[in-house]
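Student: model this:
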Amino acid sequence: MPTISCVVIAKDEEETMEQSLLSIRDRVDELVIGVDRASKDKTAEIAKRYASPGKYFELDFNDDFSGSRNKAIQRADKDYC
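Tutor: Numbering: from 1, shown residues only. Next up, the predicted model:
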């Protein structure tokens, strides 16, 4: 059976982050979560709790969504992302 990675990049998403991750975590094999270093709320703390082991990381968005997305996708190890 194929495996699935869920990749999330976030900045200042404290209000919706936990509910979003709870809704997907039992449906995927891996949660890869990248949080912008400039995030000012508790997004990073929430992400660390839900990311698969070794799959939480910080990055600089620098107004480059696609670059941040691609960095996160490169960390995914499953068959589908």
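
Student: So what does E18 look like in phi/psi?
Tutor: Per-residue torsions, E18: phi -60, psi -50 (degrees, to the nearest 10).

Student: N70 too?
Tutor: Dihedral angles (degrees, to the nearest 10) for N70: phi -60, psi -40.

Student: Check A47 too.
Tutor: Backbone torsions of A47, given as degrees, to the nearest 10, read phi -60, psi -40.

Student: Give the closest residue to it in space, chain neighbours not counted.
Tutor: In this structure, A47 finds its nearest non-sequential neighbour in I33, 4.2 Å apart by Cβ to Cβ, 6 or more residues apart in numbering. No exception for glycine: its C-beta is placed from N, CA and C like everyone else's.

Student: can you check D36 too?
Tutor: K11 (3.7 Å).

Student: Does that neighbour touch D41 like I think?
Tutor: No: using Cβ atoms under 8 Å, K11 is not in contact with D41, being 9.1 Å away.

Student: So which residues of this structure form strands?
Tutor: Assigned by DSSP state E, the chain shows strands spanning 5-10, 30-36, 56-59.

Student: about what we covered before: neighbour-wise, which of K11 and D41 wins?
Tutor: Per other Cβ atoms under 10 Å, whichever of K11 and D41 has more neighbours is K11, with 17 against 13.

Student: Distance check, the more buried one against P53.
Tutor: Counting by Cβ to Cβ, to the nearest Å, the separation of K11 from P53 is 23 Å.

Student: Tell me where the model's unsure across this structure.
Tutor: Residues of the chain meeting the criterion pLDDT under 70: none.

Student: tell me the contacts of the residue nearest the centre of it?
Tutor: Residue closest to the average C-alpha location in the chain (Cα atoms, centre = their mean): I33, at 1.8 Å. Neighbour list for I33: V7, V8, I9, A10, L21, A47, Y50, A51, K55, Y56, F57, A72 [criterion: Cβ atoms under 8 Å, 6 or more residues apart in numbering].

Student: For it, give its distance to M1.
Tutor: The gap separating I33 from M1 is 24 Å, by Cβ to Cβ.
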